[in-house]
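Peer 1: give the three-dimensional model of this entry:
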Amino acid sequence: MLKVLVIGLGSIGMEVLRHLDADPTIRVTSSLLRPARLASKRLRQMPLGIQVAYNADEIEELPDFALECAGPDAIGEHVIPLLRRGVSVGICSVGAFIEDGLARDVRRAAAAGKAQAHLLAGAVGGIDALSAARLLGLDSVTLTSRKPPMGWLGTLAEQVCDLNALIEPVVLFHGSARQAARLFPRNANSAATVALAGVGLEKTEVTLVADPSVSSNTHEIDARGAFGEMRFVTSNKPLTENPKTSALAALSAIRAIRNQVAAVVV
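Peer 2: Predicted structure coming up:
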């Protein structure tokens with residue numbers, strides 16, 4: 001049986017627990033939480049028998065695999081120590097890799113522990129094809145992300161236009177994936193994932209759009225290279241518990257865990 005540690009119990013972490021609770025081949029044995037989370041009602045929703053701790057050193061039994069879904073700070077705090085100890089980790093917070101120093105530290109920790117850091121596709125589709133196409137050479141990769149105007153509340157978009165009064169699409173940002181991830185942290189994971197799978201953080205062009213004609217978050221990838229051309233679009237429905245999180249992001253994490261025990265991996 002695969003023993004799993006879940007870092008963070010936000011909407012993705014709780015969805016993972018619900019999906020894996022009845023799986024006879026996988027058992028979530030532990031979870032790492034910030035101290036403030038211990039008083040949350042989410043903790044009372046956890047299945048019995050899961051050890052909760054503040055850091056990996058407190059975990060009684062080292063897991064076979066870990067899932068990070070707690071945000072960028074968890075990479076340095078928990079992921080790197082686990083990799084050094086030989087535990088492979090599925091990482092949801094791919095946006096953290098816009099910092100080259102952190103990406104380097106993750107690679108070194110994984111090499112030292114003979115483990116792997118799995119950067120999960122999350123809410124973006126076509127990442128496997130994009131990564132494969134890179135082997136033959138990519139000329140260009142663009143990512144266009146569209147959200148309803150209200151999906152941009154609380155971001156720099158409010159300085160670009162009046163989100164409450166939009167009657168047609170407005171481009172909020174156009175530039176590199178690294179810039180997009182830094183200026184719009186809520187889009188950091190999708191921008192960084194596409195960039196790392198393709199032509200890199202500087203060469204990947206990202207356009208962010210507030211569009212009153214859409215009702216869901218959409219991500220469109222266009223890529224060209226020696227392989228030919230590719231266009232891939234995802235239109236994501238949110239998790240019921242948290243409308244700011246795409247259901248596909250949680251399903252990507254669940255798939256990564258189940259692939260650890262699957263006889264055939266697709």
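Peer 1: pull out the buried residues from stretch 68-82.
Peer 2: Of the residues in stretch 68-82, those buried under the neighbour-count criterion (16 or more other CB atoms under 10 Å) are 68-72, 74-80, 82. Yep, even glycine has a C-beta here, placed from its N, CA and C like the rest.
Peer 1: got these as CSV, with secondary structure columns?
Peer 2: Supplementary listing: these in CSV, determined by DSSP: H, G, I helix; E, B strand; the rest coil:
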residue, secondary structure
Glu68, strand
Cys69, coil
Ala70, coil
Gly71, coil
Pro72, coil
Ala74, helix
Ile75, helix
Gly76, helix
Glu77, helix
His78, helix
Val79, helix
Ile80, helix
Leu82, helix
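Peer 1: what helix or strand does the closest residue to Val206 other than its chain neighbours sit in?
Peer 2: Here the nearest residue to Val206 in space, its sequence neighbours aside, is Ala180; by CB to CB, 6 or more residues apart in numbering that works out to 4.0 Å. Counting by DSSP states H and E, the secondary-structure element that holds Ala180 is helix 177-183.
Peer 1: need the helices for this protein, in chain order.
Peer 2: Per DSSP state H, the chain carries helices over the ranges 11-20, 41-44, 73-74, 80-84, 100-113, 127-134, 177-183, 188-197, 247-258.
Peer 1: what residues are up against Ala197?
Peer 2: Ala197 makes contact with 127, 130-131, 134 under the criterion CB atoms under 8 Å, 6 or more residues apart in numbering.
Peer 1: now do the contacts for the closest residue to Gly8 other than its chain neighbours.
Peer 2: Here the nearest residue to Gly8 in space, its sequence neighbours aside, is Ala70; by CB to CB, 6+ apart that works out to 2.7 Å. For Ala70, the residues meeting the contact criterion (CB under 8 Å, 6+ apart) are 7-8, 10, 13, 32, 34, 78, 93.
Peer 1: quick revisit: list the buried residues in the helix holding Ala180.
Peer 2: Of the residues in helix 177-183, those with enough neighbours to count as buried (16+ other CB under 10 Å) are 177-181, 183.
Peer 1: farthest pair within the residues you listed?
Peer 2: Maximum pairwise distance in the buried residues of helix 177-183, criterion CB to CB, is 11.0 Å, between Ala177 and Leu183.
Peer 1: residues in contact with the closest residue to Ile98 other than its chain neighbours?
Peer 2: Closest residue to Ile98 in three dimensions, ignoring its sequence neighbours and counting by CB to CB, 6+ apart: Ala181, at 4.6 Å. Listed by CB under 8 Å, 6+ apart, the contact set of Ala181 reads 95, 98, 187-188, 191-192, 201.
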